[in-house]
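K.L.:
Need a 3D model of the sequence below.
(4 chains)
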Number of protein chains: 2
Amino acid sequence: MSRVLIVEDEERIASFVRKGLTASGFTATVVGTGSEAVDYAVTGGFDLMLLDLGLPDTDGFDVLRRVRALGVDIPVVILTARDGVRDTVTGLETGADDYVTKPFRFEELLARVRLRMRTERPGALTVLEAGGLSLDLRTRRVAVDGTATDLTAREFALLELLMRHPGQVLTRQQMLSHVWGYDHDPGSNVVDVFVRTLRRKVGQERITTVRGMGYRLDG
Amino acid sequence: MSRVLIVEDEERIASFVRKGLTASGFTATVVGTGSEAVDYAVTGGFDLMLLDLGLPDTDGFDVLRRVRALGVDIPVVILTARDGVRDTVTGLETGADDYVTKPFRFEELLARVRLRMRTERPGALTVLEAGGLSLDLRTRRVAVDGTATDLTAREFALLELLMRHPGQVLTRQQMLSHVWGYDHDPGSNVVDVFVRTLRRKVGQERITTVRGMGYRLDG
DNA sequence: TGCGAAGATGAAGGAAGCCTCATCCTCGTT
DNA sequence: AACGAGGATGAGGCTTCCTTCATCTTCGCA
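P.N.:
Got it, this is the predicted structure:
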């Protein structure tokens, strides 16, 4: 089990990331300050650090620098504001491995984490299969009972999420945060709409509605 | 040097593919009939076969079957019409490794060829660098002098092409067929327009106009 | 230096994708 | 059977991207 150290002071985001990573099979620990971050990172046992640059007590770069100076060379993925583009450069120069700009969709973050996690086995999963559906993550192609079909980016992301949890009910909220991001309007019915178009494209019967709960892809 | 066997009877497409592959560092041989295809494939020396399904003398599947039956297990990438979706399934079942639907852009084909070519070294090139520009093919991110910038899909494809040939003049025709596809209107000035927006985003001075010839990215 | 071809540029049309909203339908409960 | 909440659906608006077109500018040669 891979362990991720989340360095983030904003409660909402920290929780969003922690829940998501946990659900994806990682063990996640959250710390909210720079000094804690250095402590935890050095104490060890983590396979990757997610580092928010906007910490209250310290400059995020400083954390990164100190961690590196102490000889810890786990992969570090930086979380930064969309407009702080300059930061990412400094970050990468300072020794970060990748960055994700806020606001981000969870899947985006997850992709980075998986990509940079050095313990990731090389022959990673690239094709998802479930109930006659086949989804190639590398080529982004989808087949329904062997027949190719076209999905838009959002549709693909949603179907991927469903296919990563076949037979399991996912709530609208889960889908919203995974596919649309943590700051998306919770009152929206986007999910419903996209489930509809997905049903049209991959077959009505494959996605079951669980009233009051959410949707389930039948594997 | 990797060798590609192109099985295609349409002169225009065969030429388009051959030129492109040659320019990309492959050695390409074209044959126009199924029986030739089997001959050449079996005679050996090829690292990959590009197989058009619409051959005059034989069914493309038959070629594939015979080649496989004769113990040749080089990667085979099928070329098929957009609507012959059913074909791709049969193709994959019959032993093809991938497929590209017509009409295709050359870059699309190239990506498949590179992907399926088994001799491809594992630590393949994922970041192109030239003259202060850095282009990450895997994450699709671009940096200009270290500052991240956003490119659309077309812009990215065009810049990628230019960066694969730094310091070298590319004609509009070359860019058209690589980025837009072989059946694109040759009288269009799309390339000009995209060069303009690229210049805006990555810096006017990086792309030089060579009057009467085309454009060059200065490395 | 002037002319014509080649290139640069701005604007606008059109398509695709994304999302919201209003309305209609259906299920489960009373 | 009727009602209300939850879900399904269609239409429309907004945005982004792609492409074309018309016009202006620049280059190189006569």
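K.L.:
Double-check that residue A:212 belongs to a strand.
P.N.:
No - per DSSP: H, G, I helix; E, B strand; the rest coil, residue A:212 lies outside any strand segment and is coil.
K.L.:
which phi and psi does it have?
P.N.:
phi 80, psi -10 (degrees, to the nearest 10).
K.L.:
per-residue pLDDT, it?
P.N.:
Reported pLDDT at residue A:212 in the predicted model: 85.
K.L.:
Next: residue A:61.
P.N.:
So, for residue A:61, pLDDT stands at 86.
K.L.:
which SS class is it?
P.N.:
Per three-state DSSP, residue A:61 ends up helix.
K.L.:
correct me, but it touches residue A:52?
P.N.:
No - using CB atoms under 8 Å, residue A:61 is not in contact with residue A:52; the gap is 11.7 Å. All C-beta atoms are positioned from the backbone trio N, CA, C, and that covers glycine.
K.L.:
More neighbours: which of the two?
P.N.:
residue A:52 (23 against 19; other CB atoms under 10 Å in any protein chain shown).
K.L.:
Give me the sheet partners of the helix or strand containing residue A:142 and which way each runs.
P.N.:
Taking DSSP states H and E as the criterion, residue A:142 maps to strand A:141-144. Applying DSSP bridges, strand A:141-144 is found paired with strand A:133-136 (antiparallel), strand A:147-149 (antiparallel).
K.L.:
mind listing the helices for chain A?
P.N.:
Per DSSP state H, chain A carries helices over the ranges A:11-23, A:34-43, A:60-69, A:85-94, A:106-116, A:153-164, A:172-175, A:190-202.
K.L.:
Let me know which of the strands paired with strand A:141-144 is tucked in deepest.
P.N.:
Highest mean neighbour count of the strands paired with strand A:141-144: strand A:133-136, a mean of 19 (counted as mean count of other CB atoms under 10 Å in any protein chain shown).
K.L.:
Residues in contact with it: which ones?
P.N.:
Residues from elsewhere that reach strand A:133-136 (CB atoms under 8 Å, 6 or more residues apart in numbering or on different chains): A:126-129, A:141-144, A:146, A:156, A:159-160, A:163, A:202, A:206, A:217.
K.L.:
buried subset of those?
P.N.:
For the contacts of strand A:133-136, a burial check counting by 16 or more other CB atoms under 10 Å in any protein chain shown picks out A:128, A:141, A:142, A:143, A:144, A:156, A:159, A:160, A:163, A:202, A:206, A:217.
K.L.:
Provide the partner residues of the fifth one in its beta bridges.
P.N.:
Going by DSSP bridges, residue A:144 is paired in beta bridges with residue A:133, residue A:147.
K.L.:
quick one: it and residue A:130 touch, right?
P.N.:
No - Residue A:144 is beyond contact range of residue A:130, at 11.3 Å (criterion: CB under 8 Å).
K.L.:
Common neighbours of the two, please.
P.N.:
In contact with both residue A:144 and residue A:130: no residue, using CB under 8 Å, 6+ apart.
K.L.:
Quickly name whichever of the buried ones among the contacts of strand A:133-136 is closest to chain B.
P.N.:
Taking CB to the nearest CB as the measure, chain B lies nearest residue A:143 of the buried ones among the contacts of strand A:133-136, at 7.3 Å.
K.L.:
thinking again about what came up before, out of the strands paired with strand A:141-144, point me to the one whose mean pLDDT is lowest.
P.N.:
Set side by side, these give their lowest mean pLDDT on strand A:147-149, at a mean of 83.
K.L.:
ok, and does that one reach over to DNA strand C?
P.N.:
No - under the criterion of CB under 7 Å from any atom of the strand, strand A:147-149 makes no contact with DNA strand C; the nearest approach is 11.8 Å.
K.L.:
what does stretch A:181-197 give?
P.N.:
Yes - using CB under 7 Å from any atom of the strand, stretch A:181-197 reaches DNA strand C at A:184, A:185, A:188, A:189, A:190, A:193, A:194.
K.L.:
unless I'm mixing things up, the last one is touching residue A:156, no?
P.N.:
No - using CB under 8 Å, residue A:194 is not in contact with residue A:156; the gap is 10.5 Å.
K.L.:
hmm, back to that, now the strand holding residue A:142, how far from the centre of its chain.
P.N.:
Its chain's C-alpha centre and that of strand A:141-144 lie 23 Å apart, by CA atoms, centre = their mean, to the nearest Å.
K.L.:
which bits of chain A sit near DNA strand C?
P.N.:
Residues of chain A found near DNA strand C (CB under 7 Å from any atom of the strand) are A:150, A:152-155, A:180, A:184-185, A:188-190, A:193-194, A:211.
K.L.:
Could you export the residues you listed as CSV, including distance to residue B:136 and neighbour count?
P.N.:
Formatted as CSV, the residues of chain A next to DNA strand C follow (distance: CB to CB, whole Å; neighbours: other CB atoms under 10 Å in any protein chain shown):
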residue, distance to residue B:136, neighbour count
A:150, 26, 11
A:152, 23, 11
A:153, 19, 9
A:154, 23, 16
A:155, 25, 20
A:180, 25, 22
A:184, 27, 16
A:185, 32, 9
A:188, 32, 12
A:189, 36, 11
A:190, 30, 16
A:193, 33, 11
A:194, 29, 19
A:211, 44, 5
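K.L.:
Out of these, which is nearest to residue A:168?
P.N.:
For the residues of chain A next to DNA strand C, the closest approach to residue A:168 (CB to CB) belongs to residue A:211, at 16.1 Å.
K.L.:
for residue A:132, what are its contacts?
P.N.:
Contacts of residue A:132 (CB under 8 Å, 6+ apart): A:144, A:145, A:203, A:206.
K.L.:
Tell me the one among these nearest to residue A:5.
P.N.:
Closest approach between the contacts of residue A:132 and residue A:5, by CB to CB: residue A:206, at 38.0 Å.
K.L.:
any idea how far the closest residue to residue A:42 other than its chain neighbours lies from DNA strand D?
P.N.:
Take residue A:42 and drop its neighbours on the chain: the residue closest to it by CB to CB, 6 or more residues apart in numbering or on different chains is residue A:70, 5.2 Å away. Separation of residue A:70 from DNA strand D (CB to the nearest atom of the strand, to the nearest Å): 41 Å.
K.L.:
how many neighbours does residue A:70 have?
P.N.:
11.
K.L.:
from what I can see it touches residue A:38, true?
P.N.:
Yes - Residue A:70 lies in contact with residue A:38 (CB under 8 Å); the separation is 7.4 Å.
K.L.:
thinking again about what came up before, and the helices of chain A, which one averages the lowest pLDDT?
P.N.:
Lowest mean pLDDT within the helices of chain A: helix A:85-94, a mean of 59.
K.L.:
mind listing what the residue positioned nearest the centre of chain A touches?
P.N.:
The residue lying closest to the centre of chain A (CA atoms, centre = their mean) is residue A:110, at 2.7 Å. Counting by CB under 8 Å, 6+ apart, residue A:110 touches A:20, A:21, A:24.
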